[in-house]
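**Student:** the amino acid sequence is not available; the structure is as follows:
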């Protein structure tokens, strides 16, 4: 008999915008001996694949059993982390906010999601700086696919903000999760607060997680999650600094005035309530 769910390890999710401190957040949290954090995880895609392909088998169509399907999907998540000896797991994937219905079915409870966000203008500026660093000697797959748009900074931003590309897709997923009523499961971890006032921000995160506070060392954050960024086509995507320090806005120097248009997208800013028609849970 499987042990009671309440006795099993807690699994939470980290799912937000790119270039917004998710890797830094994971490595800060990993200092707590109760917490296990991941690099970008693919287990969500495995669960999603089972969901999508289950009914493609004629045998399961001839003898449908949705409860069995749910047990299999649930078992994938539970068993993937069965050998982790820490009681709290944070699985990081930007796709989780789009699949919270499936996540909560697998968990048997409401999910808790840390959602890293950052001024969209600086998200784009960060990607632009990485692209410029590599562009002299390297053509990324995305540039190959969008050659003419990549001739200008504005064109590159338009590509990254497309609904099926790295920033636009992540942004759309977060908005959709809010519209579908998952706001009370989401805590927005603002990059500017995480780097500017890390101790205060971690206190707020622990309150959201209902976990006992832990004294983190923001002067010596060791990187324990690693990824081969060559598979993403841009080097340095998941490197972090050892010391947590405020990061000044950089979009103005990188882009100039044209990027100002993206500032209105920061709906989590109190002065920018573009989405006041949707409710989301806010922890000041």
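**Tutor:** In hand now; what should we look at? As the structure is a prediction and not an experimental result, all values here were calculated from the model.
**Student:** now residue 137, what are its backbone angles?
**Tutor:** phi -130, psi 0 (degrees, to the nearest 10).
**Student:** check what pLDDT it gets.
**Tutor:** Note on residue 137: pLDDT of 91.
**Student:** gap between it and residue 196?
**Tutor:** Using Cβ to Cβ, to the nearest Å, residue 137 is found at 34 Å from residue 196. For every residue, glycine as well, the C-beta is placed using N, CA and C.
**Student:** next one: residue 106
**Tutor:** Distance, residue 106 to residue 196, by Cβ to Cβ: 35 Å.
**Student:** do the same with residue 121
**Tutor:** Applying Cβ to Cβ to residue 121 and residue 196 gives a distance of 17 Å.
**Student:** likewise residue 190?
**Tutor:** 9 Å.
**Student:** go on, residue 221?
**Tutor:** Residue 221 is 15 Å from residue 196, by Cβ to Cβ.
**Student:** cool, and residue 241?
**Tutor:** Noted for residue 241: a distance of 14 Å to residue 196, by Cβ to Cβ.
**Student:** if you count what's nearby, which of these two comes out ahead?
**Tutor:** residue 196 (15 against 11; other Cβ atoms under 10 Å).
**Student:** what are the phi and psi values at the nearest residue to that one once chain neighbours are set aside?
**Tutor:** For residue 196, ignoring the flanking residues on the chain, the nearest one in space by Cβ to Cβ, 6 or more residues apart in numbering is residue 246 at 4.2 Å. The phi and psi values for residue 246, taken as degrees, to the nearest 10, are phi -60, psi 140.
**Student:** and residue 246, how many residues sit next to it?
**Tutor:** Neighbours around residue 246, by other Cβ under 10 Å: 11.
**Student:** now for it: which residues touch it?
**Tutor:** 192, 195-196 (Cβ atoms under 8 Å, 6 or more residues apart in numbering).
**Student:** for residue 182, see how far away residue 257 is.
**Tutor:** To residue 182, residue 257 is 35 Å away according to Cβ to Cβ.
**Student:** of those two, which one has the most company?
**Tutor:** Higher neighbour count among residue 257 and residue 182: residue 182, with 21 against 7, using other Cβ under 10 Å.
**Student:** what ranges does the stretch 51-200 of the chain have for its strands?
**Tutor:** For the stretch 51-200 of the chain, the strands defined by DSSP state E, counting those that start in this stretch occupy 88-92, 113-117, 186-190.
**Student:** the first one to strand 113-117, inter-axis angle?
**Tutor:** Right, the one you point to is strand 88-92. 40 degrees (axes from the mean of the first three to the mean of the last three Cα atoms, to 10 degrees).
**Student:** give the rounded mean pLDDT of strand 88-92.
**Tutor:** On average, strand 88-92 scores 98.
**Student:** how about the last one?
**Tutor:** Strand 186-190 comes out with an average pLDDT of 97.
**Student:** tilt between it and strand 113-117?
**Tutor:** 30 degrees.
**Student:** what strands line up against strand 186-190, and which way round?
**Tutor:** Strand pairing for strand 186-190, determined by DSSP bridges: strand 113-117 (parallel).
**Student:** output the below-cut-off pLDDT ranges for the stretch 1-150 of the chain.
**Tutor:** Scanning the stretch 1-150 of the chain for pLDDT under 70 picks out the ranges 1-7.
**Student:** swap the cut-off to 80 and go again
**Tutor:** Along the stretch 1-150 of the chain, the model assigns pLDDT under 80 to residues 1-8, 58, 61-64.
**Student:** helices of that one, residue ranges please.
**Tutor:** All helices of the stretch 1-150 of the chain, identified by DSSP state H, counting those that start in this stretch, fall at 22-29, 43-53, 58-62, 66-80, 100-107, 120-135, 141-145.
**Student:** please name whichever of those helices is nearest to residue 90.
**Tutor:** Among those, helix 22-29 comes nearest to residue 90, with 6.1 Å by Cβ to Cβ.
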